[in-house]
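Participant: here's my sequence, what's the structure:
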Amino acid sequence: MNEEAKKKNKITLIMLGLFFASPLVLSWFVFNYTDYLEMRGTSNRGELIQPPRQLGDLALIDPFDEERKDSLFNKWSLVYIAYSCDEKCMESVYLIRQIHARMDKHSLRVQRVLLLTTESNETLKGKLSDYAGQQLINNETINVEEVVNKFKLTDSDKPLGANRIYIVDPVGNLMMNYKPGTNPGDIYKDLKKLLRGSRIG
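Facilitator: Got it, this is the predicted structure:
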C-alpha cells in the first residue's frame, strides 16, 4: 500500500471516529456548560407559588365513607376551593377527576380534594354521587379564614371566587395554581412531571 492510500485510510478512520464521538462530546458540553437541561426541567404550564406555602396536615373526609380517615400528607393533591360547589365548581370537580383518571399507575399517589366553606356534607352527597373518592378538607377542624388566606396570590386576591385548581405536595406545601380555562392536559403534564421527579407521595 502506497503512502497516499495509507493517508486516505487514516483520514477515513479519523472521520469515522469523529462521527461516532460527536454526540458524546455534544452531550458532555450541554451537561457541563449550558443550562439547557435546567431550563427544560422548569417548563411548567401552571404558575409556581414561590415560596411554597405550608398548609399543614389537614384532615380529609369522604362524604360517602365516614370510616375513611385521610389527610393532605403522603399524597399529591389536586385542590379546588369555593364557598359552595356551584356549576363552576362541578366543572372543576369533573376536570380533576379526568386528570386523576389519566394518571394510570400513578393514580394511587394522587387525591382529589375540595375545600368548601359554607356547604354541608348532606347537600354534597347529591352533587358528588358520580364522583366516588372525592374528598373534602374537614372545615370543622381548621381555622377556615386562615387556611383560605394561604391560597391568596396577592393581598387583594379572593381565592374562594377565583375558580383555580391547585397542586399540593405530599408534605402539605401549596406548590402550583392554574387559572380558569387552563387545558386539563397541561395540568396533567405538570403533575406527571412532579410525580416522576418525586420520591415522596
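Participant: what ranges does this structure have for its helices?
Facilitator: 3-33, 36-41, 87-102, 121-127, 144-149, 184-197 (DSSP state H).
Participant: ranking these by mean pLDDT, which is last?
Facilitator: Lowest mean pLDDT within the helices of the chain: helix 36-41, a mean of 41.
Participant: list the contacts of the closest residue to residue 165 other than its chain neighbours.
Facilitator: Of all residues not flanking residue 165 in the chain, residue 178 sits nearest, at 4.6 Å (C-beta to C-beta, 6 or more residues apart in numbering). For the C-beta atoms, the positions are set from N, CA and C on the backbone; glycine is no exception. With C-beta atoms under 8 Å, 6 or more residues apart in numbering as the criterion, the residues that contact residue 178 are 45-47, 164-166, 186-187.
Participant: residue 178 and residue 156, how far apart?
Facilitator: As for residue 178, its distance to residue 156 is 20 Å (criterion: C-beta to C-beta, to the nearest Å).
Participant: cool, and residue 144?
Facilitator: Distance from residue 144 to residue 156, by C-beta to C-beta: 19 Å.
Participant: more neighbours, those two?
Facilitator: residue 144 (16 against 6; other C-beta atoms under 10 Å).
Participant: distance of the more buried one from residue 190?
Facilitator: From residue 144 to residue 190 the distance is 28 Å (C-beta to C-beta).
Participant: what of residue 162?
Facilitator: On the measure of C-beta to C-beta, residue 162 and residue 190 end up 18 Å apart.
Participant: so the two - more neighbours on which side?
Facilitator: Taking neighbours as other C-beta under 10 Å, residue 162 and residue 190 compare with residue 190 leading, 21 against 17.
Participant: surely the more buried one is in contact with residue 76?
Facilitator: No - the pair residue 190 / residue 76 is not scored as a contact, 10.8 Å apart, by C-beta atoms under 8 Å.
Participant: what residues are shared contacts of those two?
Facilitator: Joint contacts of residue 190 and residue 76 (C-beta under 8 Å, 6+ apart) are residue 167.
Participant: right, I'll leave it there.
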